[in-house]
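Chemist: Okay, sequence plus prediction incoming.
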Amino acid sequence: MAHRICDCCFPTAKEIEHYRGDIPDILECQCGANEAGNGYSWQWEASEESVTVVTDREVFFHPTKSKGSAIVKGKQSLDPGMLHYWEMRAISPLLGPEVMFGIGTQNVNLGEYANISVSALGINDQSWGFSYSGRIQHSGEQLPYWHNFSQNCLVGVYLDRSRGHLEFYLNRKGLGVAYTNVPVDPNVKIYPMVCSTAAGSAIRLINCTSVQDTLQLRSFQALARKQPDQVAILLQIPGFKAICKSFWFLYLLLHYFG
């Protein structure tokens, strides 16, 4: 099982179920990890099709009881020709048949599985999902990818819409490219998505960013992966420091697991 990224105390599933106050009050992380990054380029979108309570950054699935799979997507699509990265924290225990993180096209029906407990992301060719069991799924095919993970883990998603690549991170550790078949066609809209069958499960958006695919970014990316010690040297040069700051998410991952 993946290790926790901080030592903050989080409530149990039973504590969440019996809490009668404002749920976000008992789900706060005190270590400051929630504020990592450089702001938010999108938020979650509330939908009548899903049995959820949604704020800009938080999704509470099946607040009373669960009878199926709820799917929530971001308000904005992830533009083609750009690189996108976002992180989500599992702030409740991950239980039940399925909790998944990933992406989907505009053709995903958010309420299609409201009365059926299924692994909703990746169940067809319109979405791609990463399960808390460690499996990935697309077009109904589940494949082993990593180990299982649970409460307090950070799940990162790195989507390269220039190349059609999708990679997942766990506690800021890259797990390797999961798929290379994400549409790069500008007519296909891609959205960040999460889904859950578990009653009282909660996911918080920690940070998200979208940047243009440029030679400058690709050069920084290659340097960070092949010669991470050289990035520290660049950060000492005033001109390069401002450039590197634009690629904060690459440096963030390097800082934790470089």
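Modeler: Looks like it came in fine.
Chemist: Let me know the average pLDDT across stretch 175-195.
Modeler: Averaging pLDDT along stretch 175-195 gives 97.
Chemist: In PDB, list the C-alpha atoms belonging to that stretch.
Modeler: Taking C-alpha atoms only, stretch 175-195 is exported to PDB below (Å, rounded to 0.1, in the frame of the first residue of the first chain):
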ATOM      1  CA  LEU A 175       4.100   5.500 -12.100                       C
ATOM      2  CA  GLY A 176       4.900   5.500 -15.800                       C
ATOM      3  CA  VAL A 177       2.800   6.200 -18.900                       C
ATOM      4  CA  ALA A 178      -0.500   4.400 -18.600                       C
ATOM      5  CA  TYR A 179      -2.000   5.200 -22.100                       C
ATOM      6  CA  THR A 180      -0.800   6.700 -25.300                       C
ATOM      7  CA  ASN A 181      -4.200   6.800 -27.100                       C
ATOM      8  CA  VAL A 182      -5.800   9.900 -25.600                       C
ATOM      9  CA  PRO A 183      -7.300  11.900 -28.600                       C
ATOM     10  CA  VAL A 184      -5.300  14.900 -29.700                       C
ATOM     11  CA  ASP A 185      -8.100  15.900 -32.100                       C
ATOM     12  CA  PRO A 186      -9.200  19.500 -31.100                       C
ATOM     13  CA  ASN A 187     -12.800  18.500 -31.700                       C
ATOM     14  CA  VAL A 188     -12.700  16.000 -28.900                       C
ATOM     15  CA  LYS A 189     -13.200  17.600 -25.500                       C
ATOM     16  CA  ILE A 190     -11.400  15.900 -22.600                       C
ATOM     17  CA  TYR A 191     -12.400  16.500 -18.900                       C
ATOM     18  CA  PRO A 192     -10.800  15.600 -15.600                       C
ATOM     19  CA  MET A 193     -13.100  13.100 -13.800                       C
ATOM     20  CA  VAL A 194     -13.500  11.100 -10.600                       C
ATOM     21  CA  CYS A 195     -16.000   8.400  -9.700                       C
END
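Chemist: Mind listing what's buried along the longest helix that the chain contains?
Modeler: Assignment by DSSP state H gives helix 215-226 as the longest helix of the chain. Going by neighbour count (16 or more other Cβ atoms under 10 Å), the buried part of helix 215-226 is 217, 220, 223, 224. Just so you know, the C-beta spots here come from the backbone N, C-alpha and C atoms, and that holds for glycine as well.
Chemist: Just want to check the distance between the third one and residue 91.
Modeler: So the one you mean is residue 223. 34 Å (Cβ to Cβ, to the nearest Å).
Chemist: And the first one, by the same measure?
Modeler: When Cβ to Cβ is the yardstick, residue 217 and residue 91 sit 31 Å from each other.
Chemist: Please apply the same query to the second one.
Modeler: Residue 220 is 31 Å from residue 91, where distance means Cβ to Cβ.
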